[in-house]
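Asker: 3D model of this:
(2 chains)
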2 protein chains.
Amino acid sequence: MALIILAHPNFKNSAANKTIIEELKNSRLQIEIRNIHELYPDYKIDIKAEQDALLRHKTVIFQYPVYWYNMPAILKQWFDLVFEYQFAYGSKGDKLKDKNFIPSFTVGAPEDEYNTLGNHHFRVYEFCKNLEQTAYYAQMKYIDPIYFHGTSLEAGYTTDDVKNKAIDQAERLLKRLSELEEML
Amino acid sequence: MALIILAHPNFKNSAANKTIIEELKNSRLQIEIRNIHELYPDYKIDIKAEQDALLRHKTVIFQYPVYWYNMPAILKQWFDLVFEYQFAYGSKGDKLKDKNFIPSFTVGAPEDEYNTLGNHHFRVYEFCKNLEQTAYYAQMKYIDPIYFHGTSLEAGYTTDDVKNKAIDQAERLLKRLSELEEML
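Answerer: Numbers count the residues shown, from 1 in each chain, chains lettered A, B, ... in the order given. You can find the predicted model right below:
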């Protein structure tokens, strides 16, 4: 039912993203997970395989850690190559029309630093406009991002804090998916 | 004097970015150009070499075509790897402090489509907040992006249109650099 595009250059050592993926695997949800950094360590993405995966699903979840206020490079490469002319956009490019586009990410620093007077100066949604407009241009349904703050162990969060918040994020994601299913 | 981080996955066939780079090469400006997609086709960036290049210059220009409302993947990879903890940020991470950070890019579609009611819904600057905040977090001086619209030949622009606009962009960039020099 749902396709998870997992984009993490160091998934093995991740706490947050790994916990979210494990929770999703243990849920009743039928999912296909594509760990694109593991599949394409040389960044040479198999465009056809990725497009075929997209065609199999109604909902696409993008799961990743935020680096430098943006998606990791492997996910940007995925969009640049897979969202092709006449597939994702263009006169005949309606292959993704009406599919759900759900960003699900994790943010290192605390929420109160993502504020005009804080260290990171902008609200999280202000960094998501490229995602939102990518969804619109591909005629997809943009769902507001699901995320949590505080994955950085250097900032004093414990692995348990992070895992608990990741479990909560997976629950919120599953709830959103079930709402979307009811909308069909 | 200025470092150009050129990020274009298909530079050989580019009209806009190639013209801008040629104009800069023909100027009086002392520049170092690093064509990072050519240097690192496997996306395995030599972090030390890139950091050393940054240390040699007062001004860094990021030259690239906008893809999906964002920088190309190779440039994101460059930031993710080169802007390291204790180099670009962190308690001792002040190596880039006060350097100029200048985005210089090209946009395929016309300007009037980058508008609330247009096809691309947002103004260009709304897609640049991740760049702006990246500069702030590295203690760099963010200079408003220099760019032009309409590189897309499919949209009816001719190669001559694009080259003329690229020459104009190079002139604006050189003017900005000379203003920054005077500010020293």
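Asker: Surely A:Tyr64 forms part of a strand?
Answerer: Yes: the assignment for A:Tyr64 (DSSP: H, G, I helix; E, B strand; the rest coil) places it in a strand.
Asker: quick one: low-confidence parts of chain A?
Answerer: A:184 (pLDDT under 70).
Asker: Tell me the residues of it that contact chain B?
Answerer: A:9, A:42-43, A:67-74, A:76-77, A:79-80, A:83, A:119-122, A:126-127, A:129-130, A:133-134, A:136-137 (Cβ under 8 Å from any Cβ of the partner chain). C-beta: built from backbone N, CA, C; applies to glycine.
Asker: Sort out which residues of stretch A:4-11 are buried, please.
Answerer: The neighbour-count check on stretch A:4-11 (16 or more other Cβ atoms under 10 Å in any protein chain shown) flags A:4-9, A:11 as buried.
Asker: Which single one of these is nearest to chain B?
Answerer: Using Cβ to the nearest Cβ, A:Pro9 comes nearest to chain B of the buried residues of stretch A:4-11, at 7.6 Å.
Asker: and the closest one, what does it touch?
Answerer: Going by Cβ atoms under 8 Å, 6 or more residues apart in numbering or on different chains, A:Pro9 touches A:37, A:72-74, B:80.
Asker: Equivalent analysis for A:Gly150, please.
Answerer: A:107-111, A:157, A:161-162, A:165.
Asker: Looks like A:Lys95 contacts A:Glu84 (just checking).
Answerer: No: here A:Lys95 does not reach A:Glu84: they are 9.3 Å apart, not a contact under Cβ atoms under 8 Å.
Asker: joint contacts of those two?
Answerer: A:Gln51.
Asker: neighbour count winner among these two?
Answerer: A:Lys95 (17 against 14; other Cβ atoms under 10 Å in any protein chain shown).
Asker: Next, the contact list for the more buried one, please.
Answerer: Applying Cβ under 8 Å, 6+ apart, the residues near A:Lys95 are A:51, A:54-55, A:87-88.
Asker: change it to 7 Å
Answerer: A:55, A:87-88 (Cβ atoms under 7 Å, 6 or more residues apart in numbering or on different chains).
Asker: List the residues that contact the residue nearest the centre of chain A.
Answerer: Closest to where the C-alpha atoms of chain A average out (Cα atoms, centre = their mean) is A:Phe62, at 2.1 Å. By Cβ under 7 Å, 6+ apart, the residues touching A:Phe62 are A:5, A:7, A:75, A:102-104.
Asker: longest single helix anywhere in chain A?
Answerer: With secondary structure taken from DSSP state H, chain A has its longest helix at helix A:159-183.
Asker: For that one, give me every contacting residue.
Answerer: Taking contacts as Cβ under 7 Å, 6+ apart, the residues outside helix A:159-183 that touch it are A:2, A:15-16, A:19-20, A:23-24, A:27, A:29, A:59, A:100, A:104, A:143, A:146, A:148, A:150-151.
Asker: What segments of chain A are helices?
Answerer: With DSSP H as the criterion, chain A has helices at A:16-25, A:36-39, A:47-55, A:73-82, A:129-137, A:159-183.
Asker: would you list those in CSV and tack on mean neighbour count and distance to B:Leu174?
Answerer: Shown next, in CSV, are the helices of chain A (neighbours: other Cβ atoms under 10 Å in any protein chain shown; distance: least, Cβ to Cβ, whole Å):
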stretch, mean neighbour count, distance to B:Leu174
helix A:16-25, 20, 44
helix A:36-39, 18, 39
helix A:47-55, 14, 38
helix A:73-82, 23, 29
helix A:129-137, 21, 29
helix A:159-183, 16, 48
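Asker: Is A:Glu34 in contact with A:Ala53, as I believe?
Answerer: You called it Glu, but residue A:34 is Arg. Yes: using Cβ atoms under 7 Å, A:Arg34 is in contact with A:Ala53, at 6.0 Å.
Asker: list residues touching both of these two?
Answerer: When Cβ under 7 Å, 6+ apart defines a contact, the residues bordering A:Arg34 and A:Ala53 alike are A:Leu3.
Asker: Taking helix A:16-25 as reference, get the angle to the longest helix of chain A.
Answerer: Interaxial angle, helix A:159-183 versus helix A:16-25 (axes from the mean of the first three to the mean of the last three Cα atoms, to 10 degrees): 40 degrees.
Asker: All set, thanks.
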